[in-house]
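J.: I would like to see how this sequence folds:
(one chain, ligands or ions: 4)
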Amino acid sequence: MRILIILSILIPIIVIPAESKEKLYYIGSRKCRLCHFDYFQGWEKDLHAMAFESLRRMKDNPYCLKCHTTGYGEPGGFISEKITPQLRGVQCEACHGPGSKHKENPTDPNSLPVGTHIDYKTVCIQCHDQNWTPQFDYEKYKKRIEHKVKKEIKK
Ligand code: HEC
Ligand code: HEC
Ligand code: HEC
Ligand code: HEC
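T.: Ligands and ions are numbered 1, 2, ... in the order given. Take a look at the predicted model:
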């Protein structure tokens, strides 16, 4: 019995990896725009960019905010339209993860959660669940959010 009590105190401390203790927060897609202008332009035309506006009169309903904003309920994520207007809608970081560390040191692969370590399909279906997108097919849906815009060569 005593062992169980001790274990139940210790386990949470052991399980949390050191990494997750670092303070990561959401910086908003305007910041990503500084270095990824082409992707920003592509994303801007996407329905995700307009997801907050779709809520109309439900813009303070916590249930809706989880999927129509960026990082709602997470540290450094969306709180409300008034406090965090820069995190409205489904922005870059809703899929790529919070970017504070990446912004500081973009070429360090360890500065990611942004990018390589992410299983994007798992990320999508957190919002595109059975309820909202029963027909979800990752490969098909991924093509529809292609956000790299080829730069036009000026003549
Ligand atoms: C200060 C400039 C800068 C900012 C701001 C920035 N990035 Fe980057 N990002 C880079 C550079 C440079 C690379 C290329 C790193 C490399 O290939 O080594 C990169 C790479 C990436 C990659 C590809 C990683 C991979 O696996 O190849 C993604 C995804 C990404 N950034 C997303 C974002 C998002 C989302 C934001 C905003 C939250 C953001 N970036 C903000 C400069 C920036
Ligand atoms: C944070 C929640 C969230 C995540 C994560 C997310 N989506 Fe979405 N997605 C939405 C919402 C909300 C809409 C509807 C936007 C609107 O019209 O208001 C949407 C719309 C879309 C649409 C347009 C659907 C249509 O009818 O044209 C596509 C395609 C899509 N998402 C693909 C993806 C893919 C692929 C991923 C993963 C890489 C993904 N989404 C991740 C919330 C999310
Ligand atoms: C679990 C995530 C989730 C929650 C919670 C959620 N939505 Fe959505 N919503 C989505 C996704 C994903 C889509 C895109 C569906 C698709 O086309 O595949 C969507 C689409 C929509 C659309 C359609 C946009 C359009 O014009 O086509 C509206 C409107 C909408 N949601 C409003 C709401 C409201 C209001 C609430 C709260 C009552 C809410 N949503 C809660 C994920 C969610
Ligand atoms: C709805 C989810 C979603 C949103 C929103 C989103 N991305 Fe992406 N992004 C993806 C997916 C999925 C890929 C492709 C990964 C692959 O090819 O497997 C990708 C690819 C990229 C890449 C190329 C690097 C790579 O890993 O292929 C960059 C850079 C990038 N996104 C930046 C951005 C920026 C900047 C924004 C916001 C302006 C943004 N993304 C918004 C899902 C998203």
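J.: helix or strand right after the helix or strand of the chain with the lowest mean pLDDT?
T.: Least confident helix or strand, the chain: helix 2-15 with a mean of 46, by mean pLDDT, DSSP states H and E. Using DSSP states H and E, the next helix or strand after helix 2-15 towards the C-terminus is helix 29-33.
J.: And the contacts of that next one?
T.: Outside helix 29-33, the residues that touch it by Cβ atoms under 8 Å, 6 or more residues apart in numbering are Tyr39, Phe40, Trp43, Gln86, Gln91, Cys92, Glu93, Gly99, Lys103. (Glycine included, C-beta is placed from N, CA and C.)
J.: same thing but at 6 Å, please
T.: Contacts of helix 29-33 from elsewhere in the structure, counted by Cβ atoms under 6 Å, 6 or more residues apart in numbering, are Phe40, Gln91, Cys92.
J.: Quick check, Tyr26 in contact with Gly77.
T.: Yes: counting by Cβ atoms under 6 Å, Gly77 is a contact partner of Tyr26 at 5.2 Å.
J.: picking that back up, which one of the contacts of helix 29-33 sits in the busiest neighbourhood?
T.: Gln91 (27 neighbours; other Cβ atoms under 10 Å).
J.: that's a helix at Glu146, yeah?
T.: No: counting by DSSP: H, G, I helix; E, B strand; the rest coil, Glu146 falls outside a helix, being coil.
J.: Relative to ligand 1, how far out is it?
T.: For Glu146, the distance to ligand 1 (Cβ to the nearest ligand atom, to the nearest Å) stands at 14 Å.
J.: Phe136 - nearest residue in space that isn't next to it in sequence?
T.: His128 (4.5 Å; Cβ to Cβ, 6 or more residues apart in numbering).
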